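> how does the following fold in three dimensions:
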Amino acid sequence: MHADDTDFTLRPAGPEDEDFLFALFVTSRERELAALPLPPAQAEPFARMQYESQLAGFRHVHPDARVLVVEAAGEPAGRLVLEDRPGELWVVDLALMPGQRNAGLGAALLQHCMKRAIAERLVMRGSVTPYNPARRLYARLGIVELPSEGGATIPLEWRPPDS
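The predicted model follows:
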């Protein structure tokens with residue numbers, strides 16, 4: 001797929017992607033994990049437990065979500081988790097490896113989702129943590145932060161023009 005001069009491929013994640021997906025999770029949680037005073041022998045099992053907890057949370061809240069591996073230049077570069085609901089496209093999670101961040105790939109992936117939302121007249125939804133630097137990208141793309149209901153994340157919404 002091609003958007004804004006950024007080529008990428010999306011494919012369903014499989015068992016062979018598990019090591020990559022765990023490594024991606026760790027890179028996306030570096031700040032939180034580094035703040036914990038854990039010896040190295042305990043850090044990896046703790047990170048694995050957090051990863052499994054995240055996956056269980058996705059399955060509970062978004063039972064029909066599809067986990068897609070994002071490839072750039074033929075290599076795994078990130079993960080996009082999407083769920084279709086009546087009238088909605090949920091961007092459950094978008095995570096990129098550090099070398100792919102701030103290089104246009106995240107914007108291209110979101111614009112890809114927006115094009116689908118326009119074509120199918122869907123409202124795009126998601127959420128973001130208050131400290132996530134991607135909030136600037138979301139704002140730049142016109143993705144609106146909705147009032148939070150006191151949770152750990154901020155609800156997001158994007159509506160196609162004339163919807």
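> give me the below-cutoff pLDDT ranges for this protein.
Counting by pLDDT under 70, the chain contains low-confidence residues at 1-6, 163.
> mind running it again at 50?
2-5 (pLDDT under 50).
> where does the residue nearest to the spatial centre of the chain fall, secondary structure wise?
Among the residues of the chain, the one closest to the centroid is residue 94, at 1.3 Å (CA atoms, centre = their mean). Under the assignment given by DSSP states H and E, the secondary-structure element containing residue 94 is strand 88-96.
> helices or strands next to that strand in the packing?
helix 18-28, helix 40-61, strand 75-85, helix 105-120, strand 123-128 (3 or more CB pairs under 8 Å, 6 or more residues apart in numbering; DSSP states H and E). Where C-beta positions appear, they are placed from N, C-alpha and C, glycine not excepted.
> the longest one versus strand 75-85: what angle between them?
Taking axes from the mean of the first three to the mean of the last three CA atoms, to 10 degrees, helix 40-61 and strand 75-85 form an angle of 30 degrees between their directions.
> thinking again about what came up before, got the CA coordinates for the strand holding residue 94 in PDB?
This file holds the C-alpha atoms of strand 88-96, laid out as PDB (Å, rounded to 0.1, in the frame of the first residue of the first chain):
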ATOM      1  CA  GLU A  88     -17.200   1.900  13.200                       C
ATOM      2  CA  LEU A  89     -13.600   1.100  12.500                       C
ATOM      3  CA  TRP A  90     -11.700   0.700  15.700                       C
ATOM      4  CA  VAL A  91      -7.900   1.400  15.700                       C
ATOM      5  CA  VAL A  92      -7.300  -0.700  18.800                       C
ATOM      6  CA  ASP A  93      -3.500  -0.300  18.700                       C
ATOM      7  CA  LEU A  94      -0.800   1.100  16.500                       C
ATOM      8  CA  ALA A  95       2.800   0.500  17.500                       C
ATOM      9  CA  LEU A  96       5.900   1.000  15.400                       C
END
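> that strand relative to helix 40-61, how many degrees between them?
For strand 88-96 and helix 40-61, the angle between their directions (the same axes, to 10 degrees) works out to 170 degrees.
> circling back: looking at the helices and strands packed on strand 88-96, spot the one closest to residue 9.
Shortest distance between residue 9 and those, using CB to CB, is found for strand 75-85: 9.3 Å.
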